[in-house]
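Chemist: Here's my sequence, what's the structure:
(2 chains)
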Amino acid sequence: MNMDIWLADVKHLIHSKRTSYTILIMCVFAIAMALVVKAAPPGLAEALRSAAPGSAGVFEYMWFENVLNKFLLLIFISYGAFIICDLEDDRSIAMIVTKPVTRTNFILRRTASSLSGFFFVYFVGIALSGAIAAVIVGNLDYPLFMLHHVQILPMFLFTYALTFFLSVPLRNTTPSVLTAFSITLAASFLYTFTTMADPTAVPSGYNPLTLGYLILIDSPLTEPMIISLAYAAGLYSAGLLWFNKKDI
Amino acid sequence: MLNATRMVFSIRGLLALMFTIYMIVAIGWFYDAIATTALGEILNIFTTQESQFQWFVFDSALVKLTTLFVAPIFVFDAISGDRHQERLGLYLSRPISRTQHVLVRTLSAFVAFGIVYLPLISLGYLQFTTIVPGLTPGPYFATSFLLYLLAFFSMSVGIFISVVSKNNMVSFLATFGIMSFAMLPNAMKYSMPAMETAAIATPHYYATYFIKPGNLDALSYIGIMLVMILFCLPFLYLAIWRFNKEDL
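Modeler: Below is the predicted model of the structure:
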């Protein structure tokens, strides 16, 4: 793998508006939600705390529900679309695959670039958001907050792999992102409605989108994490094989 | 009209259709289960089963569907996508003004969304009357149409961001982020009275104004519609102003 090209891709991603807007929006959400938690009546705060016994604080519960499961999911999907769709939109993909580099090598290099770019945004954004919330709210367990954001990564890797898999046939950014987001949002709503119907039920770990909820209720995580990673690996491998066979 | 029809029969129209059907079916299915459990203090605010159901359908579920996801997908790449694919010059070489171009794009998206949303929400009423036999059509269809106007607000924001942004993904992320943020005060107003003041400054508050029984009269309804349209105008004006200044 050509490290210079990888580094150039990563620098391009880190300096892009996508990165700065993402971190900015995360910080704005953190401020807004921290203020809401601060102003919440004691009864509501207690109810949220008891609904999420494994959380690092009420802020984390609201953060997971409103930001992680929607906005950050979309961010990760956009990074998944970077692998092929950005080049397809620029109409440069046909030229790039004619170079003396295997398609597998090309995809792996693009994957490494986009994952590096995403992890930068993710950890910087989460660290800043957590710090803002800890200052405003005061009772956030910051190390646990960061740990939970590492534990939820398999869910994001699943959505990333799903987007890549869909981008092979769909090619352009818009349909790939919309389709991936629809599927993940539908899966997210499915478990949300199920837990509303029966608050005592533990949602199935076979739905990767339940990982955030399982973290908050302090449920065993090993099996759901392995299942999400297996889905991600399967989708990514399938996408890679398909791309190798596909006539660009 | 041709633009609108093309959008309906594209992948975004298909996604909007599938998603709306999914939400309406899921709402009907899960409300049955939720009706026998307690959802905390929020349900006690609504004295009748009909208003409880209306809250569940419109305030907690459909609002998210229409404003966060379905409406913006019709418009987020209206200008930024054309700019990226270098079609903007071709469109503007026709004998239409830039103002007309922006308005046509917005209104086409609004009509396309209406073609998907309005028939399905009407069919949804037939399904919902089997679950809540006392569901009266007046407040139901009144709120449904206000949500349609709320979608127009989302599209106004979306078209403004599309004019300003040079990238489709940034446009979608920014629209989604702003809509997620804007719906928070209204979503929290029942559990936190302080949020009601903030909610009044968002169109979401007015879109779900007639959920509580006894609120609906013709004059109030027209007033609410005008207020919601007023929320859209600044964003439309800014989009047109910005687009008119742009040197392609």
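Chemist: quick one: stretch B:95-105 near chain A?
Modeler: No: Stretch B:95-105 does not reach chain A (C-beta under 8 Å from any C-beta of the partner chain); its nearest approach is 14.9 Å. (Each C-beta comes from the backbone N, C-alpha and C, glycine too.)
Chemist: Helices along chain A, start to end?
Modeler: A:3-14, A:17-39, A:42-51, A:58-63, A:73-82, A:85-89, A:93-97, A:103-137, A:142-151, A:153-170, A:173-197, A:211-216, A:222-245 (DSSP state H).
Chemist: Save those as TSV, and put in mean neighbour count too.
Modeler: Below are those laid out as TSV (neighbours: other C-beta atoms under 10 Å in any protein chain shown):
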stretch	mean neighbour count
helix A:3-14	14
helix A:17-39	19
helix A:42-51	14
helix A:58-63	26
helix A:73-82	26
helix A:85-89	21
helix A:93-97	14
helix A:103-137	19
helix A:142-151	16
helix A:153-170	24
helix A:173-197	20
helix A:211-216	24
helix A:222-245	17
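Chemist: how about the ones you listed in JSON lines, adding mean pLDDT?
Modeler: Listed next are the helices of chain A as JSON lines, based on pLDDT from 0 to 100:
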{"stretch": "helix A:3-14", "mean pLDDT": "80"}
{"stretch": "helix A:17-39", "mean pLDDT": "84"}
{"stretch": "helix A:42-51", "mean pLDDT": "70"}
{"stretch": "helix A:58-63", "mean pLDDT": "85"}
{"stretch": "helix A:73-82", "mean pLDDT": "86"}
{"stretch": "helix A:85-89", "mean pLDDT": "82"}
{"stretch": "helix A:93-97", "mean pLDDT": "80"}
{"stretch": "helix A:103-137", "mean pLDDT": "90"}
{"stretch": "helix A:142-151", "mean pLDDT": "91"}
{"stretch": "helix A:153-170", "mean pLDDT": "93"}
{"stretch": "helix A:173-197", "mean pLDDT": "80"}
{"stretch": "helix A:211-216", "mean pLDDT": "87"}
{"stretch": "helix A:222-245", "mean pLDDT": "93"}
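Chemist: Which among those helices is found nearest to residue B:206?
Modeler: helix A:17-39 (20.9 Å; C-beta to C-beta).
Chemist: thinking again about what came up before, of all the helices of chain A, which lies closest to chain B?
Modeler: helix A:173-197 (3.6 Å; C-beta to the nearest C-beta).
Chemist: if we can go back for a sec, tabulate the helices of chain A (TSV), appending distance to chain B.
Modeler: Listed next are those as TSV, based on distance: least, C-beta to the nearest C-beta, whole Å:
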stretch	distance to chain B
helix A:3-14	12
helix A:17-39	4
helix A:42-51	5
helix A:58-63	9
helix A:73-82	5
helix A:85-89	7
helix A:93-97	15
helix A:103-137	11
helix A:142-151	19
helix A:153-170	8
helix A:173-197	4
helix A:211-216	16
helix A:222-245	18
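Chemist: Take these and write them to TSV, including distance to residue B:175.
Modeler: Shown next, in TSV, are those (distance: least, C-beta to C-beta, whole Å):
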stretch	distance to residue B:175
helix A:3-14	21
helix A:17-39	11
helix A:42-51	28
helix A:58-63	21
helix A:73-82	11
helix A:85-89	18
helix A:93-97	27
helix A:103-137	19
helix A:142-151	25
helix A:153-170	19
helix A:173-197	13
helix A:211-216	23
helix A:222-245	27
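Chemist: For the most centrally placed residue in chain B, list the residues it contacts.
Modeler: Centroid-nearest residue in chain B, with C-alpha atoms, centre = their mean: residue B:151, separated by 2.3 Å. Contacts here follow C-beta atoms under 8 Å, 6 or more residues apart in numbering or on different chains; on that basis residue B:151 touches B:66, B:67, B:70, B:71, B:110, B:113, B:117.
Chemist: how about the residue in chain A sticking out farthest from the centre, phi and psi?
Modeler: Distance from the C-alpha centroid of chain A peaks at residue A:100, with 32.8 Å (C-alpha atoms, centre = their mean). Dihedral pair for residue A:100: phi -80, psi 60, per degrees, to the nearest 10.
Chemist: tell me the residue furthest from the middle of chain B?
Modeler: residue B:93 (32.1 Å).
Chemist: tell me the contacts of the residue most central in space within chain A?
Modeler: By C-alpha atoms, centre = their mean, chain A has its centre lying nearest to residue A:156, at 3.5 Å. Neighbour list for residue A:156: A:72, A:73, A:76, A:122 [criterion: C-beta under 8 Å, 6+ apart].
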